[in-house]
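Peer 1: here is a sequence together with a model predicted from it:
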Amino acid sequence: MLYKVEGIVIKTVPYGESNLIITLYTKELGKIGVMARGAKKPKSRFTSITQLFTYGIFVFQKGRGLGTLQQGEALSSFRHIREDLVKTAYAAYLSELLDRFTSEDDMKPDLFGWMKQALEYINHGIDPEVITFLFEIKMMKTAGIVPELSRCVSCHRKEGDFSFSIREGGFLCERCAYKDPYRLKISKGVARLLNMFYHLDLARLGNVSLKKETKRELRMLFDAYMEEYSGVFLKSKKFLKQLDDLT
Ligand SMILES: [Zn+2]
């Protein structure tokens, strides 16, 4: 059967000498892998369409097993991401997250929109760290492991001095703080931001500008939480950390 889909290349793996297996996240079918025959050859007609982060229209033939790419048209290659090492590193991390948190069988149409929007923002120069926090929360929601960031996870109070508990899975107010001696202290500002991120729709993001220390505080918390709950090790994350150490 022939399929025509709108999608984004989120992973590419060489196959044999000249082929590539590309993983697309599509609007119509969710995640899908297709073989691009000859894509690694110089002058292949698939060269531009099979680059990581390319957004476009893909036509492929599929019976049982892996589909075969027939045709493709790039609608955007996110040039500013490609030209910038840091932006590329963040986009690679988002792609890897999307790949690891989804499987080919479950269809989550809004994730395509999120990925496309996230790449557009990064391409347009919006802080990729902010986009990444929002994207991570979305992925955690998808996987059913999102922490409670709008109220105390124990007594459900919405006001108070919150700390963050990895074990309890979210905010703890000062009255419930005793439940987790290993809770992480967070500033009021960070608690407010987390609450905002939790509710924010990516499509309605304004220009959020955060101080470096605030981002560092958030990053530590996100990393600790993701490590505990997702059990997923991401190669691209390691690279991001190395980049961060350099700056
Ligand atoms: Zn409480």
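Peer 2: On my side now, so go ahead. Numbers count the residues shown, from 1 in each chain.
Peer 1: every contact and neighbour count from this point should use C-alpha atoms.
Peer 2: OK.
Peer 1: could you list the buried residues of the lengthiest helix in the chain?
Peer 2: Secondary structure of the chain read by DSSP state H shows that its longest helix is helix 212-230. The neighbour-count criterion (16 or more other CA atoms under 10 Å) identifies 215, 218, 221-222, 225-226, 229 as the buried residues of helix 212-230.
Peer 1: same check, this time on stretch 226-245
Peer 2: Taking 16+ other CA under 10 Å as the criterion, stretch 226-245 shows 226, 229, 236-237, 239-240 as buried.
Peer 1: any idea of the mean pLDDT for the lengthiest strand in the chain?
Peer 2: Of all segments of type strand in the chain, defined using DSSP state E, the longest is strand 2-15. Confidence for strand 2-15, expressed as mean pLDDT, is 97.
Peer 1: the following helix or strand past that strand relative to strand 2-15, how many degrees between them?
Peer 2: In the C-terminal direction, the helix or strand that comes right after strand 2-15 (DSSP states H and E) is strand 19-26. Here strand 19-26 points in a direction 130 degrees away from that of strand 2-15 (axes from the mean of the first three to the mean of the last three CA atoms, to 10 degrees).
Peer 1: can you count the residues close to Leu194?
Peer 2: Leu194 has 20 neighbouring residues, counting by other CA atoms under 10 Å.
Peer 1: surely it forms part of a helix?
Peer 2: Yes. Leu194 forms part of a helix when assessed by DSSP: H, G, I helix; E, B strand; the rest coil.
Peer 1: verify the stated contact: it with Leu149.
Peer 2: Yes. The pair Leu194 and Leu149 qualifies as a contact (CA atoms under 8 Å) at a distance of 6.2 Å.
Peer 1: any weak-confidence spans in the protein?
Peer 2: Confidence mapping of the chain against pLDDT under 70 gives the ranges 232-233, 247.
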